[in-house]
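# got a sequence here, can you build the structure:
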Amino acid sequence: MMVWQCPGCGYVYDEALGDPDGGIKPGTRWNDIPDDWVCPECAMTKADFEQVEF
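Next up is the predicted model:
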């Protein structure tokens with residue numbers, strides 16, 4: 001499974017879970033998240049996230 005991880009704090013964005021507190025519904029694909037979305041833990045930008053495989 002591919003997920004995206006914040007290099008600043010380690011937060012993991014999982015498409016299945018989304019970020020409901022940040023307005024991103026479960027099932028939202030990474031490419032469909034607005035470019036101005038930031039990490040909910042440390043505010044690092046979406047562009048800084050790294051794709052990782054778990």
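
# grab the nearest non-local neighbour of the residue nearest the centre of the chain.
Most central residue of the chain, judged by C-alpha distance to the mean C-alpha position with C-alpha atoms, centre = their mean, is residue 13 at 3.5 Å. Computed as C-beta to C-beta, 6 or more residues apart in numbering, the closest residue to residue 13 that is not its neighbour in sequence is residue 4, at 4.5 Å. Where C-beta positions appear, they are placed from N, C-alpha and C, glycine not excepted.

# on that earlier part again, quick one: residues contacting the residue nearest to the centre of the chain.
For residue 13, the contacting residues are 3, 4, 5, 6, 19, 30, 33, 49, taking C-beta atoms under 8 Å, 6 or more residues apart in numbering as the criterion.

# what sits against the residue nearest to residue 13?
Contacts for residue 4 were tallied using C-beta under 8 Å, 6+ apart; they are 12, 13, 30, 49, 50, 51, 52.

# can you flag the buried ones in the contacts of residue 13?
By neighbour count, with 16 or more other C-beta atoms under 10 Å, the contacts of residue 13 hold 3, 4, 5, 6, 19, 30, 33, 49 as buried.
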